[in-house]
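Undergrad: what shape does this take:
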Amino acid sequence: MKRAISIPLLILLGGAPAAAQIPAEWQSAAQAVIGEQERDTPQAAKQWSGAELTQGWNLARAWRKHNNGNIEIILAEYLMFVALCRRGCANSTIEGRGYVGVAEQATALRNQNGGAYAMASAAHAWLAGLPDPSGAAQKNAALWEKDLDVASADFATSNIYALAWLLARNRPTPADQADTFARFAILVQGKAWIGGRCLDITKVATVLDAPPRIDTCK
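TA: Sure thing, here's the model as predicted:
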């Protein structure tokens, strides 16, 4: 029997209602998670304008509308698209391409691999085979393969997992591919090795009116 997804960041507040404003906890979570990922990278010097938080919200809802027929997004989707908009998503694009075309590619990738569960396993096998000097790729593949429900049991999360793999595969080197997949996949998985650090964001926004929480893991 498939268990329900229990990672709090995926179910916090349910889906955001159509007419809702961006929850403050979500905005803080996005800045905390992405800021932690950007630590010790050139991107860390880039100031937050606030626009990326709104752009990510709007693009996540457009993505959800196209894929699911509604705009009740979950936090994992919001984090994904804020991360993308942090680097630029003008005119509703994902790394320079229209989101509808990218969504169709992500759907095709999932279908080509036999559905959500088979795709997740295929992505993990691909990741494990990358020559990643940090060793993070192999650690993440083993960690995530333990429970395929996390990435696959929900249609929305499987969509952004497919997107994460699609974007990672387009990177020029194996190290870049592994790093990109880790940075996006953690938004679904909740835990990941990024370089030499193991981050746990499962409790990043579980308490209303509290600062975002990011833990370390082993």
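
Undergrad: quick one: low-confidence parts of the chain?
TA: Counting by pLDDT under 70, the ranges of the chain that qualify are 1-20, 207-208.

Undergrad: hey, where'd the strands end up in it?
TA: Remark: strands assigned in the chain by DSSP state E are 93-94, 97-98, 191-194, 197-200, 215-216.

Undergrad: pick the most buried one from those strands.
TA: Burial of the strands of the chain is given as mean neighbour count (mean count of other CB atoms under 10 Å); strand 191-194 ranks first at a mean of 22. (C-beta placed from N, C-alpha, C; glycine too.)

Undergrad: parallel or antiparallel, list what pairs with it.
TA: When pairing is defined by DSSP bridges, strand 191-194 lines up against strand 197-200 (antiparallel).

Undergrad: need the strands of the chain in CSV (columns: distance to residue 172).
TA: Putting these into CSV (distance: least, CB to CB, whole Å) gives the following:
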stretch, distance to residue 172
strand 93-94, 18
strand 97-98, 17
strand 191-194, 19
strand 197-200, 23
strand 215-216, 30
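
Undergrad: list the contacts of the residue nearest to residue 117 when sequence neighbours are not counted.
TA: Nearest residue to residue 117, sequence neighbours excluded (CB to CB, 6 or more residues apart in numbering): residue 152, at 4.5 Å. For residue 152, the contacting residues are 116, 117, 119, 120, 158, 161, by CB atoms under 8 Å, 6 or more residues apart in numbering.

Undergrad: quick check: residue 217 touching residue 199?
TA: Yes - between residue 217 and residue 199 there is a contact under CB atoms under 8 Å: 7.0 Å.

Undergrad: identify the contacts common to those two.
TA: Contacts common to residue 217 and residue 199, judged by CB under 8 Å, 6+ apart, are residue 191.

Undergrad: and the strands of the chain: which comes nearest residue 144?
TA: Proximity to residue 144 (CB to CB) singles out strand 191-194 among those, at 8.0 Å.

Undergrad: contacts for that closest one?
TA: Contacts for strand 191-194 (CB under 8 Å, 6+ apart): 37, 134-136, 139-140, 143, 179, 182-183, 185-186, 198-202, 217.

Undergrad: again with stretch 129-138
TA: Contacts of stretch 129-138 (CB under 8 Å, 6+ apart): 127-128, 174-175, 177-179, 181-182, 192-196.

Undergrad: from the contact counts, what lies against the top helix by length along the chain?
TA: Counting residues, the longest helix found in the chain (DSSP state H) is helix 51-68. If you count contacts as 3 or more CB pairs under 8 Å, 6 or more residues apart in numbering; DSSP states H and E, helix 51-68 packs onto helix 24-38, helix 75-86, helix 99-112, helix 155-169.
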